[in-house]
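Student: Please find the sequence and the predicted model below.
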Amino acid sequence: MNLDEKERNYLACEKYYTFELLIFAAGMMGAYTFNLRGGVFCNAQTANVVLMSIALGKGEFARGFYYLIPIGAYILGSFISEFLPIKVRRFRLLRWDTILIGLEMLALFLIGFLPLTLPHQIVQIAINFICSMQYNTFRQAEGVPMATTFVTNHVRQLGVALAKAVRKRDLSALDRFRKHFVMLFVFFLGGLVLTLCCPGMQERAIWLAMVPLALAFAVLVYSDLNPEKEKLEQAPHGH
């Protein structure tokens, strides 16, 4: 298989530009919950596990066991996103990946109406759930494992790619370095844009994350209904 054939074999939901749009929105979601919804980062669960262990270690059992709720929401998101694609595939209308982005947009739209006076946990748990499904659904960008909700692996891969480029004179490693760097930068840019807009937009600032999601949604809907209509049952790489 030559390079052009390999390129065409990837679905629209696996393209780098789709992943870049998703991680841009994720950067916004992370900045939103940190700046306006309780000072926490809901895109991943490492912090919640650490905070739970600290609280329990201090004997603060009520606060410690609370973290089981967002952690449970993340587990539930992964669980559901394993089952729904099978159900959706039977209808042969749109891919689960496409529908998920539409559901994310709807959730963020509704979150924008929730006043900041409400308990922050409502929004935190909702975004935990959203990010879990996105993370579990979008796994590889054109064959390269990538996360669209946090950047720890992208940072690690920068070091790995540099090491391979230096040690093995592997020029392809530089291309991988570039791709992970772009993902890292786009995530950073999303957080920066959202943070700048928080003072003026307040709870409605989350609507900005709907812009990149809407672009990705439009691309995926077009692909599902046109060039990839006969590939609706094809699972993305990594699934």
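Tutor: Structure received. Residues are numbered from 1 along each chain as shown.

Student: Report all helices and strands that the helix of greatest length in the chain contacts.
Tutor: Counting residues, the longest helix in the chain under DSSP state H turns out to be helix 171-201. Under the contact criterion of 3 or more Cβ pairs under 8 Å, 6 or more residues apart in numbering; DSSP states H and E, helix 171-201 touches helix 16-36, helix 152-167. The way it works is simple: take the backbone N, C-alpha and C, and place the C-beta from them, glycine included.

Student: The very next helix or strand once past the longest one vs helix 152-167, what angle?
Tutor: Downstream of helix 16-36, the next assigned helix or strand under DSSP states H and E is helix 46-57. Between the direction of helix 46-57 and that of helix 152-167, the angle (axes from the mean of the first three to the mean of the last three Cα atoms, to 10 degrees) works out to 120 degrees.

Student: If you average the pLDDT over helix 46-57, what comes out?
Tutor: The average pLDDT within helix 46-57 is 94.

Student: chain center to the following helix or strand past that helix, what's the gap?
Tutor: Scanning forward in sequence from helix 46-57 by DSSP H and E, the next helix or strand is helix 61-66. Its chain's average C-alpha position is 27 Å from that of helix 61-66, according to Cα atoms, centre = their mean, to the nearest Å.

Student: Buried residues in the very next helix or strand once past helix 61-66, which are they?
Tutor: The helix or strand immediately downstream of helix 61-66 is helix 68-89, counting by DSSP H and E. Residues of helix 68-89 classed as buried: 70-71, 73-74, 77, 81, 84-85, 88-89 (neighbour count, 16 or more other Cβ atoms under 10 Å).

Student: helices and strands around helix 68-89, which ones?
Tutor: Packed next to helix 68-89, using 3+ Cβ pairs under 8 Å, 6+ apart, are helix 46-57, helix 96-111, helix 120-137.

Student: Let me know which of the ones you listed is tucked in deepest.
Tutor: helix 120-137 (a mean of 22; mean count of other Cβ atoms under 10 Å).

Student: Next, the angle from that helix to helix 96-111.
Tutor: 170 degrees.
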